[in-house]
Every structure is written in C-alpha cells, then in structure tokens.
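>>> Predicted model, plus sequence, below.
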Amino acid sequence: MAEKPKKKKKRARGFAGVIAKQLEPINNNPKFQERYKDEKFKILLNAKDGRYAALIKVDNGKLEVDGIKNQPKENLSQEELEWDGFLELKTDDFFKMAMGEISTLGMIRRLIFRQMKIKGTKYVQQLDKLFKYLEP
C-alpha cells in the first residue's frame with residue numbers, strides 16, 4: 001500500500017509569523033510544559049491594520065501559532081475558530097505592549113476610545129504569563 005503523504009505544515013505569515021517566531025522557544029521550556037500540561041485554550045490576536053491574525057493555541061504543554069486571514073471578519077468569529085480570548089489592536093500597539101511601553105492607564109484609554117477590543121479577559125491575561133517563559 002502507498003503511504004499517505006504527510007501534511008505540510010502551513011507557515012504563519014505576516015503578524016502571525018512574527019508572533020510565532022517570538023513564541024517558538026516556549027515549547028523548549030520545561031517550566032512552561034509543566035505549568036500548562038493539563039491546559040487547553042486559544043487566544044486570537046488580531047492586528048487590525050494587518051492582513052493576518054495570530055491564533056495562539058496552548059494544548060497540554062505545547063504551544064502553536066496559526067495565521068488566519070482577517071478578511072472577511074467572519075474568519076475571526078468565535079464560532080469559526082473556537083477561541084477563548086480575543087485581543088485586537090494596531091500592530092505597533094501590540095509590539096509596544098509586548099515591550100512594556102504601554103501602561104495600564106494607556107490600555108484603559110485605548111479601551112475607552114475603542115482602539116482596542118478584548119473578549120475573554122481571563123485568557124488574554126495568559127499572554128503576559130506566556131511571555132514570561134521567554135525570559136532567561
């Protein structure tokens with residue numbers, strides 16, 4: 001019998017590619033694997049001025065990032081992707097947030113002026129914890 005060809009893994013593109021590259025080393029961190037060994041959740045990060053959103057999937061101690069075209073908007077729906085947390089900002093604000101350049105007050109201001117959307121806050125807060133596993 002002929003062997004089934006392996007599915008080629010799609011490479012995350014655009015904003016999702018940058019996020020994937022940043023978070024890739026987490027899978028080699030034993031502390032991350034131990035902490036998240038029994039957890040399963042998805043967080044969707046949408047750079048509203050970009051073409052791709054990043055779907056971060058944590059599944060039993062393994063992290064994976066998929067690139068999702070963010071047009072049409074239905075591509076990002078909770079029903080379609082089954083995400084638990086959602087964060088939408090401009091691309092540069094994502095990077096400022098990751099580098100700690102946006103204060104809590106700055107985040108609140110962005111929420112008030114509708115420059116940022118958050119759903120599933122409990123899961124979005126996991127982002128900060130995930131990035132801590134990248135520190136040496």
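Thanks, I have it.

>>> what kind of secondary structure is the residue nearest the centre of the chain in?
Most central in the chain under C-alpha atoms, centre = their mean is Ile56, positioned 3.8 Å from the mean C-alpha point. When the structure is reduced to helix, strand and coil (DSSP: H, G, I helix; E, B strand; the rest coil), Ile56 reads as strand.

>>> Who are the contact partners of Leu44?
Neighbour list for Leu44: 53-56, 68, 76, 81, 83, 85-87 [criterion: C-beta atoms under 8 Å, 6 or more residues apart in numbering]. In short, each C-beta sits where N, CA and C put it, glycine included.

>>> Most widely separated two among those residues?
Ile68 and Gly85 (14.5 Å; C-beta to C-beta).

>>> Give me the distance between Gly67 and Met99.
Counting by C-beta to C-beta, to the nearest Å, the separation of Gly67 from Met99 is 22 Å.

>>> Oh, that last question was meant for Gln33, not what I typed.
Relative to Met99, and taking C-beta to C-beta, Gln33 is found at 26 Å.

>>> Which one's more surrounded, the two?
Gln33 (16 against 8; other C-beta atoms under 10 Å).
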